[in-house]
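1. Quick one, structure for this:
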Amino acid sequence: MSSRRTRITRHLHALVGERHPDTAPEALTNCARYLEQQFTQHGWTTKKQPFQAWGKTYRNILAIRNPPGWAIKSGLAPIVIGAHYDTVVDSPGADDNASSLAVLLEVACRFKRSALRCPVWLVAFCLEEQGLLGSSVFAARLKEAGQPIGGAIILECVGYASDQDGSQQSPAGIPIAVPSTGNFLAIIGNDESRGLIAAVEDAAVRSAPRLKTLGLAVPGRGERLPDVRRSDHAAFWDAGYPAVMLTDTANFRNPHYHQRSDTVETLDLMFLEGVIDTVVASVEALAGRNRR
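-> Predicted structure coming up:
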């Protein structure tokens, strides 16, 4: 087993387990702490963004790498890579969404010795399963501060794949042909995010040629297709920011979605590694990279 595969597997086992604000609040807190520790170990500036919900305090976890001397007015807009860290009740959440958190940690690892020309912000959102609360707070505060971003790449269930014909279903109303085999990565954006979709697709071709992708740009903020709004990218669309969701399509492919059976053993680690390579290459293309 490669050192990267070993590291990814270690992250997954550390993260998997019910992480819910009501039924497993301690696990939710421990997950945030693990992410914070890992980001810090890789040399990223790590911060907590607290917010209130139901009379309690929850936190988004931010890992920031800004070029020296960067400021809001510098004209260099950050690239945001995000994923949520909470789960539904009674699910260990390996695909949803520990798989995506493992991507965030691998991005942090891959860029720990790199100087980026533009800022990159890694964000682990809390309470996505409770109405996108964490990402809505994050995007709203960006907008209030007048902070532009170069785009947000949101990871939502990126570890499950199947080569069986008939393993993939299509959400109602999707205006493109969806393959019947669930072995591709969907890249979902809106009209304002077409450039971001193209950048991720190009990154996949260059860095992960075995990874099949399917891009889709929806009108407006996806209001007519509710299934394309079911993750944190929708909070960025609503705030007027370009954003894409990278996903294995969750319940339209994965029979373990939101179930007790959503475990590490059901994941396709080769597929997940292709996603990691694609996201890393996307960061390199969008933010620039100067090796030290």
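2. show me where the chain has helices.
-> Using DSSP state H, the helices of the chain run over 3-15, 25-41, 99-110, 133-144, 194-207, 233-238, 269-287.
3. Point out where the protein drops to low pLDDT.
-> The chain contains residues with pLDDT under 70 at 71-74, 289-292.
4. Report the central residue of it.
-> residue 155 (2.2 Å; Cα atoms, centre = their mean).
5. That residue contacts residue 106, correct?
-> No: applying Cβ atoms under 8 Å, one finds residue 155 not in contact with residue 106, separated by 11.0 Å. Using the backbone N, CA and C atoms, a C-beta is placed for each residue, glycine as well.
6. Next, the contact list for the nearest residue to residue 108 once chain neighbours are set aside, please.
-> Nearest non-adjacent residue to residue 108, counting by Cβ to Cβ, 6 or more residues apart in numbering: residue 42, 4.3 Å away. Shown in contact with residue 42 (Cβ atoms under 8 Å, 6 or more residues apart in numbering): 63, 105, 108-109, 111-112.
7. switch to 10 Å and redo it
-> For residue 42, the contact set (Cβ atoms under 10 Å, 6 or more residues apart in numbering) comprises 63, 65, 105-113, 122.
8. Please apply the same query to residue 165.
-> 179-182.
9. how about 8 Å then?
-> 180-181.
10. residues near residue 216, how many?
-> A count of nearby residues for residue 216, using other Cβ atoms under 10 Å, gives 19.
11. re the thing from before, which of the helices of the chain sits closest to residue 50?
-> helix 133-144 (9.2 Å; Cβ to Cβ).
12. Output that closest one as PDB, nothing but the C-alphas.
-> Presented in PDB, the C-alpha positions along helix 133-144 are these (Å, rounded to 0.1, in the frame of the first residue of the first chain):
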ATOM      1  CA  LEU A 133     -26.100  26.500   8.300                       C
ATOM      2  CA  GLY A 134     -22.300  26.700   8.500                       C
ATOM      3  CA  SER A 135     -21.700  27.500   4.800                       C
ATOM      4  CA  SER A 136     -24.500  30.000   4.800                       C
ATOM      5  CA  VAL A 137     -22.900  31.900   7.600                       C
ATOM      6  CA  PHE A 138     -19.500  31.700   5.900                       C
ATOM      7  CA  ALA A 139     -20.700  33.000   2.500                       C
ATOM      8  CA  ALA A 140     -22.800  35.700   4.100                       C
ATOM      9  CA  ARG A 141     -19.900  37.000   6.100                       C
ATOM     10  CA  LEU A 142     -17.700  37.000   3.000                       C
ATOM     11  CA  LYS A 143     -20.400  39.100   1.200                       C
ATOM     12  CA  GLU A 144     -20.800  41.400   4.200                       C
END
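13. about what we covered before: where's the residue nearest to the centre of the chain relative to residue 76, distance?
-> 23 Å (Cβ to Cβ, to the nearest Å).
14. if we can go back for a sec, select, out of the helices of the chain, the one closest to residue 69.
-> Of the helices of the chain, nearest to residue 69 by Cβ to Cβ is helix 269-287, at 15.9 Å.
15. The closest one vs helix 194-207, what angle?
-> Angle, helix 269-287 to helix 194-207, by axes from the mean of the first three to the mean of the last three Cα atoms, to 10 degrees: 120 degrees.
16. Report the buried residues of helix 269-287.
-> Under the neighbour-count criterion of 16 or more other Cβ atoms under 10 Å, helix 269-287 has 269, 271-287 buried.
17. And it, how far out from the chain middle?
-> 11 Å (Cα atoms, centre = their mean, to the nearest Å).
18. And stretch 200-213, by the same measure?
-> 17 Å.
19. Contacts for that stretch, please.
-> With Cβ under 8 Å, 6+ apart, stretch 200-213 has contacts from 153, 179, 183-187, 215, 244, 246, 271, 273-275, 277-282, 284-285.
20. hey, C-alpha coordinates of it in CSV?
-> The C-alpha trace of stretch 200-213 is given here as CSV (Å, rounded to 0.1, in the frame of the first residue of the first chain):
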residue,chain,number,x,y,z
VAL,A,200,-12.0,21.3,-12.9
GLU,A,201,-12.7,19.3,-16.0
ASP,A,202,-9.4,20.3,-17.5
ALA,A,203,-7.6,19.5,-14.2
ALA,A,204,-9.1,16.0,-14.3
VAL,A,205,-7.9,15.4,-17.8
ARG,A,206,-4.4,16.4,-16.9
SER,A,207,-4.0,14.9,-13.5
ALA,A,208,-6.4,11.9,-13.3
PRO,A,209,-7.0,10.6,-16.9
ARG,A,210,-8.8,7.5,-15.6
LEU,A,211,-11.3,9.6,-13.7
LYS,A,212,-14.5,10.1,-15.8
THR,A,213,-16.3,13.4,-15.2
